[in-house]
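K.L.:
Would you be able to build a 3D model of this:
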Amino acid sequence: MTRDTEHRVVIEGHRIRSPRLRLRPWSSADAPAALAIYGSEDVTRWLSPAMQKVDDLPTMEAVIADWLVEPLPAPAGRWAMELAETGELVGSTVLLPLPPGGEDLQIGWQLAPKHWGQGLAAEAGHAVAHFAFESGVEELFAVARPRNERGAGTARSIGMEWVGESEKYFDLRLHVYRLRKGELDVPRLPQISRLV
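P.N.:
Predicted coordinates for the structure are as follows:
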């Protein structure tokens, strides 16, 4: 892929397309595929306390039913992440108000472990960042536990900048990453080492 196609994002209402992904609203029929994501301890260990591991299909169906009626202020949302080529549901992307006050918007992603390491979470996060900024948002945040190197790496891949640790969100010590509207798709200069 060339750099131009890597960043191509198409927004149609609440549906978002990127080169390899389609992000769309969840449906009740997604529960079996969603269980492969949220039923994995490898995924949910980083989501607690916001979400615990889902143990069975009826519980996953109930979670999705709650998402479908969740009153979220625009442009917040939850998207099912599908592979554009096959339609396979492989993950989830969110744009949600961060507790406690909901003033800051969090971008987040969860991916079925068998799809890790392909850059899909970063592509989905990048696409949702475009959606948020086109909706008038000026900055986005991502939070990760200090040992969640995969989550931190994805935030950096999107172009987010580490701004420090905070206990502001979820009453946990978290690493906070920020992306401002003007920073999306701006090439980063390589670090220059100087020998003294």
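K.L.:
got the CA positions of the longest strand along the chain in PDB?
P.N.:
Ranked by residue count and defined by DSSP state E, the top strand of the chain is strand 89-97. Extracted C-alpha coordinates of strand 89-97, given in PDB (Å, rounded to 0.1, in the frame of the first residue of the first chain):
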ATOM      1  CA  LEU A  89     -16.100  -9.400  12.200                       C
ATOM      2  CA  VAL A  90     -12.700  -9.100  13.800                       C
ATOM      3  CA  GLY A  91     -12.900  -6.300  16.400                       C
ATOM      4  CA  SER A  92     -14.500  -3.300  17.800                       C
ATOM      5  CA  THR A  93     -13.700   0.400  17.800                       C
ATOM      6  CA  VAL A  94     -15.200   3.000  20.200                       C
ATOM      7  CA  LEU A  95     -15.400   6.700  20.600                       C
ATOM      8  CA  LEU A  96     -16.700   7.300  24.100                       C
ATOM      9  CA  PRO A  97     -16.800  10.000  26.800                       C
END
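K.L.:
Quick one: list the elements packing against the helix or strand that it is followed by.
P.N.:
Counting by DSSP states H and E, the element after strand 89-97 in chain order, helix or strand, is strand 105-111. For strand 105-111, the elements it packs on are helix 31-38, strand 89-97, helix 120-134, strand 139-144, judged by 3 or more CB pairs under 8 Å, 6 or more residues apart in numbering; DSSP states H and E. Yep, even glycine has a C-beta here, placed from its N, CA and C like the rest.
K.L.:
Output these in a markdown table, with mean neighbour count and mean pLDDT appended to each entry.
P.N.:
Shown next, in a markdown table, are the helices and strands packed on strand 105-111 (neighbours: other CB atoms under 10 Å; pLDDT from 0 to 100):
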| stretch | mean neighbour count | mean pLDDT |
| --- | --- | --- |
| helix 31-38 | 20 | 95 |
| strand 89-97 | 22 | 96 |
| helix 120-134 | 23 | 95 |
| strand 139-144 | 22 | 95 |
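K.L.:
Using JSON lines, lay out these together with distance to Arg156.
P.N.:
Formatted as JSON lines, the helices and strands packed on strand 105-111 follow (distance: least, CB to CB, whole Å):
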{"stretch": "helix 31-38", "distance to Arg156": "22"}
{"stretch": "strand 89-97", "distance to Arg156": "17"}
{"stretch": "helix 120-134", "distance to Arg156": "9"}
{"stretch": "strand 139-144", "distance to Arg156": "10"}
